[in-house]
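Student: need coordinates for the below:
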Amino acid sequence: MLVTTQSIGEDAVLQWALRFLETSGIHDPLRRDVAIALEVSRPGTLQLSYEAGIDAGLGHEELLVRAAAIYFLSSAVNVGDDLSDGDCTYFDEPRKTGPCVQAILRNLFTKLVLDAGVSPSGLSLAVGDLLAAIDAQRLELATSQWNADGYKRVAGGIGGRLFAAYFRVLWDGTPLAHRAPLVGDNIGRMLIVAEDVSSKDRRYTSLPPEDQRSVVAWAWTAVRRLRAERLRSIEFLLRPIEPVLRAACPTRGRRVGGPGAR
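Tutor: Below is the predicted model of the structure:
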């Protein structure tokens, strides 16, 4: 995750999540393993969730509960992704420990979502997005040769649909609830492209040059749509993203950043 600046909001969500873990009834060594997974996934959705919760008008305690729920879920997703990629090196026996930690994190997410009073319809829609994200991850693992269409399909799932789920949970029952799918989708796909460009991920670098340009243009479309939302949390998010995309496609970046961007 390219959002790396720690703030008061990020720390508040982190500390709330760790306190909740301490009182969850989970015992060591599993509790320590869960704490390790939470640490590995930092920074991630913490500050974004906090800022977006403020945008939606959530009260402080409800904001922390929902943001912590998303933190648990995003950490579970991170563990699953690392297990699939062979990157789960932070556990001594990842094949044994990883699935247990992932199950605990997903159940902590479910408990907090219920505690927060997220509506059944909101949760159902979020689960639908999560299923689409998992389907896209399986496609990613099966793909050996990438093109622009395949990249967008995968990124739209593991990025867009995943963040749509996060925002459905965060904004359920708020004035921004109807904007959650669009905002989440555009944030997710923009982040996937920016992170792949920044890290030189093979998924991006193996694309032919014209397909790379197509993918970056796709991400810039997401940037333009997000700017039109005029939310403080999105302005915070875009600061580290736009320079990465602009470096990958300077002409496109100047157009999107200029007077016609909105």
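Student: return the set of buried residues in the helix or strand hosting residue 19.
Tutor: Element membership for residue 19, per DSSP states H and E: helix 8-22. By 16 or more other C-beta atoms under 10 Å, the buried positions in helix 8-22 come out as 9-10, 12-14, 16-17, 20-21. In this view, the C-beta of every residue, glycine as well, is placed from N, C-alpha and C.
Student: right, and residue 227 touches residue 234 too?
Tutor: Yes. Counting by C-beta atoms under 8 Å, residue 227 touches residue 234, with 7.3 Å between them.
Student: more neighbours: those two, which one.
Tutor: residue 234 (22 against 18; other C-beta atoms under 10 Å).
Student: ok, the closest residue to the more buried one other than its chain neighbours - contacts?
Tutor: Nearest non-adjacent residue to residue 234, counting by C-beta to C-beta, 6 or more residues apart in numbering: residue 226, 4.9 Å away. By C-beta atoms under 8 Å, 6 or more residues apart in numbering, the residues touching residue 226 are 183, 186-187, 190, 234, 237-238.
Student: quick revisit: which residues does the helix holding residue 19 contact?
Tutor: Contacts of helix 8-22 (C-beta under 8 Å, 6+ apart): 31, 34-35, 38, 42-43, 46-47, 49-51, 54, 64-65, 67-68, 71-72, 108, 112.
Student: 7 Å - rerun?
Tutor: Outside helix 8-22, the residues that touch it by C-beta atoms under 7 Å, 6 or more residues apart in numbering are 31, 34-35, 38, 43, 46-47, 49-51, 64, 67-68, 71-72.
Student: most widely separated two among those residues?
Tutor: 31 and 51 (28.9 Å; C-beta to C-beta).
Student: higher neighbour count, these two?
Tutor: residue 51 (22 against 16).
Student: buried set for stretch 194-213?
Tutor: 194-198, 203-204, 207, 211-213.
Student: would you put the C-alpha positions of stretch 78-91 in CSV?
Tutor: C-alpha atoms of stretch 78-91 as CSV (Å, rounded to 0.1, in the frame of the first residue of the first chain):
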residue,chain,number,x,y,z
ASN,A,78,-2.9,-10.0,3.0
VAL,A,79,-2.2,-13.3,4.7
GLY,A,80,-4.1,-15.2,2.0
ASP,A,81,-2.3,-13.4,-0.8
ASP,A,82,1.1,-14.1,0.9
LEU,A,83,0.3,-17.8,1.2
SER,A,84,-0.7,-18.0,-2.4
ASP,A,85,2.5,-16.2,-3.6
GLY,A,86,4.9,-17.9,-1.2
ASP,A,87,5.6,-14.7,0.6
CYS,A,88,4.2,-15.7,4.1
THR,A,89,7.7,-15.7,5.6
TYR,A,90,6.8,-14.1,8.9
PHE,A,91,5.5,-17.4,10.4
